[in-house]
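Novice: using only what follows, build the 3D model:
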Amino acid sequence: MNKWIRQFHRWVAVAFTVTVLATVVALAQEEPLLWVSYTPLLPLALLFFSGAYLFARPYLVKRRTAATRA
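Specialist: As a prediction, this is how the structure comes out:
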């Protein structure tokens, strides 16, 4: 499961980068499409949750192993 989440996080980071670049290009037009500025929000939210899980996982595993040893 951990390997899958890491891979998911990497691919979502690529998608986030692409959507940010597309947003910059769209907003640089003469008549910008303002709704395009919301497209990076979904990948950003997914990055937040998967990143928070990856950040907290070592601490949770450490706590669980300490509880089983006691």
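Novice: shaky segments in the protein?
Specialist: 70 (pLDDT under 70).
Novice: hang on, isn't Leu54 packed against Arg6?
Specialist: Yes. Look at Leu54 against Arg6 with CB atoms under 8 Å: they come within range, at 6.7 Å. Glycine gets a C-beta too; all of them are placed from N, C-alpha and C.
Novice: contacting residues for the residue nearest the centre of the chain?
Specialist: What sits nearest the mean C-alpha location of the chain, by CA atoms, centre = their mean, is Leu47, with 1.0 Å. For Leu47, the residues meeting the contact criterion (CB atoms under 8 Å, 6 or more residues apart in numbering) are 9, 12-13, 16.
Novice: next: Pro32.
Specialist: Counted by CB under 8 Å, 6+ apart, Pro32 has contacts Ala26.
Novice: ok, it to Leu21 distance?
Specialist: Look at Pro32 and Leu21: by CB to CB, to the nearest Å, they are 15 Å apart.
Novice: secondary structure element for His67?
Specialist: Quick fix: residue 67 reads Ala, not His. Using DSSP states H and E, Ala67 sits in helix 41-69.
Novice: buried residues in that helix?
Specialist: Neighbour-count burial for helix 41-69, with 16 or more other CB atoms under 10 Å as criterion, is recorded at 43, 46-47, 50.
Novice: right, I'll call it a day here.
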